[in-house]
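**Student:** no FASTA, just this:
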């Protein structure tokens, strides 16, 4: 992923364009392809605040239902995962 250049006076909300591709969905084991990889997709995603004192990361969060969220975090690193699955599914992406 790369890159977002921000001015020091950037205010939220603002929008970013995200291009992404889903890799193939495979069973595990024996790694049989259940769903082939997709072509690149594009999404326009709103980045909400607040803007940290030391903005260093833009986080893009992908959810199972297909929606995408974006947020900013500081030099202490990206936030922990926002979604905990009930159980591990027998598939690999």
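**Tutor:** That came in fine, so what should we check first? Computed from a predicted model, the values in this text were never measured in an experiment.

**Student:** Low-confidence regions, this structure specifically.
**Tutor:** 1-2, 85-93 (pLDDT under 70).

**Student:** Ramachandran coordinates for the residue lying farthest from the centre of the chain?
**Tutor:** Here the centre of the chain is the reference, and by CA atoms, centre = their mean the most remote residue is residue 30, at 27.8 Å. Per-residue torsions, residue 30: phi -100, psi 30 (degrees, to the nearest 10).

**Student:** where's residue 15 relative to residue 70, distance?
**Tutor:** 9 Å (CB to CB, to the nearest Å). All C-beta atoms are positioned from the backbone trio N, CA, C, and that covers glycine.

**Student:** correction: residue 20
**Tutor:** In terms of CB to CB, residue 20 sits 12 Å off from residue 70.

**Student:** Give me the more crowded residue out of the two.
**Tutor:** residue 70 (20 against 13; other CB atoms under 10 Å).

**Student:** Which strands or helices does the helix or strand containing the more buried one pack on?
**Tutor:** Taking DSSP states H and E as the criterion, residue 70 maps to strand 68-73. When contacts are defined as 3 or more CB pairs under 8 Å, 6 or more residues apart in numbering; DSSP states H and E, strand 68-73 sits against strand 14-20, strand 41-47, strand 57-62.

**Student:** what's the burial count for the closest residue to residue 58 other than its chain neighbours?
**Tutor:** Distances taken as CB to CB, 6 or more residues apart in numbering put residue 4 closest to residue 58, at 5.0 Å, once the chain neighbours are dropped. The local packing of residue 4 (other CB under 10 Å) involves 14 other residues.

**Student:** close enough to count as contact, residue 4 and residue 16?
**Tutor:** Yes. Using CB atoms under 8 Å, residue 4 is in contact with residue 16, at 6.4 Å.

**Student:** Which neighbours do the two have in common?
**Tutor:** residue 58 (CB atoms under 8 Å, 6 or more residues apart in numbering).

**Student:** was I right about residue 39 contacting residue 22?
**Tutor:** No. Counting by CB under 8 Å, residue 39 does not reach residue 22; the two are 9.3 Å apart.

**Student:** For the closest residue to residue 61 other than its chain neighbours, which residues are in contact?
**Tutor:** Once flanking residues are discounted, residue 61 sits nearest to residue 69: 4.6 Å by CB to CB, 6+ apart. Contact analysis of residue 69 by CB under 8 Å, 6+ apart lists 45, 48, 60, 61, 63, 82.
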